[in-house]
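# I would like to see how this sequence folds:
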Amino acid sequence: MKRLVFTLLILLACTLFAEEEPRHYDYNGASRQMHRIYYGELQETLYCGCSYKNKKSIDFNSCDYAPRENPKRKSFRRAHRIEWEHIVTAHNMGHFLPCWKEGGRKNCSNNNEQFDLMEGDLHNLYPAIGEVNGDRSNFMFSQWTNEPEPMYGKCSTIVDFELKKVQPRKEARGIIARVSFYMEKTYGVSLSNQDRKLFEAWDRMYPVNSKECLRDKRIYNVQGNHNPFVYDKCVEQKLYLDE
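Below you'll find the predicted structure:
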């Protein structure tokens, strides 16, 4: 009897102190959690650094943003709303899965658990102006000029539609690199040698800051896991502080 009680106490202790499994969301579920992460100083778009109050109230003056499209076009309307951008695109996450080959993103979202986890992972989602999100499409990131010709007012992110690539502003590059490393480690979304070298350079050149650490902490509170490529550096540099 004593042995049984002792065994039960050990099992209870293991249960209490075991690391909690991350809470997984699909994309719609993840979108509903965004207000728990992006508030206060984190209400800033990834590609242009524009502050916003809610999904339909973007302060263009805060970043000198100007929509590039004709007001009558649909993409112009997207310039006036916030969308949740996948840093590692849905196409890059899913194109190797059988469900994608049979029906693309919609088919994977309805029929593949692995894709649902990737699509709804909060570490991979960032607020972006809808117009820029739409222009980025599923293009890969690159860097090809130190003197970008602005496309969206004074926003320094540029899109090359012909070559299908995006050069993000400097403030976004380290973030993009560390999210890409996380998605590779967590889900096996592989990087090309070219992308790996570029992201390793961005990771060194554009290190974590207090906002990125705060974002990681809030995601941990909601989803239950850290991005180790962010968290470890935040701890090392003593940037992982209480709010």
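# give me the below-cutoff pLDDT ranges for the chain.
Applying pLDDT under 70 to the chain picks out residues 1-20, 70-75, 242-243.
# please, where are all the strands along it?
51-54, 57-59, 82-86, 125-129, 140-141, 158-160, 165-167 (DSSP state E).
# quick check: end-to-end length of stretch 136-151?
This stretch, stretch 136-151, spans 12 Å end to end (Cα to Cα, to the nearest Å).
# swap in stretch 89-97?
Its start and end residues considered, stretch 89-97 measures 14 Å (Cα to Cα).
# contacts for it, please.
With contact meaning Cβ atoms under 8 Å, 6 or more residues apart in numbering, stretch 89-97 is reached by 86, 100-101, 105, 108, 112, 114-115, 118-119, 137-138, 140, 183, 187, 189. Any C-beta I mention is one placed from the backbone N, CA and C, and that applies to glycine too.
# 7 Å - rerun?
Applying Cβ atoms under 7 Å, 6 or more residues apart in numbering, the set of residues contacting stretch 89-97 from outside is 100, 105, 108, 112, 115, 118-119, 138, 189.
# and the furthest pair within those residues?
Maximum pairwise distance among those (Cβ to Cβ): 17.7 Å, between Asn112 and Asn138.
# counting neighbours, go ahead and name the busier of these two.
Ranked by neighbour count (other Cβ atoms under 10 Å), Asn112 and Asn138 place Asn112 first, with 17 against 13.
# contacts only, for the more buried one.
Asn112 makes contacts with 97, 99, as judged by Cβ under 7 Å, 6+ apart.
# right, and Ile175 touches Glu212 too?
Yes. If you go by Cβ atoms under 7 Å, Ile175 and Glu212 touch, sitting 6.1 Å apart.
# longest helix in the protein, by number of residues?
Across the chain, the helix with the greatest residue count (assigned by DSSP state H) is helix 170-187.
# distance from it to the middle of the chain?
Between the centre of helix 170-187 and the centre of its host chain there is 8 Å, according to Cα atoms, centre = their mean, to the nearest Å.
# quick one: work out the angle between it and strand 125-129.
150 degrees (axes from the mean of the first three to the mean of the last three Cα atoms, to 10 degrees).
# so which elements touch helix 170-187?
In terms of contacts (3 or more Cβ pairs under 7 Å, 6 or more residues apart in numbering; DSSP states H and E), helix 170-187 is packed against helix 193-205, helix 228-236.
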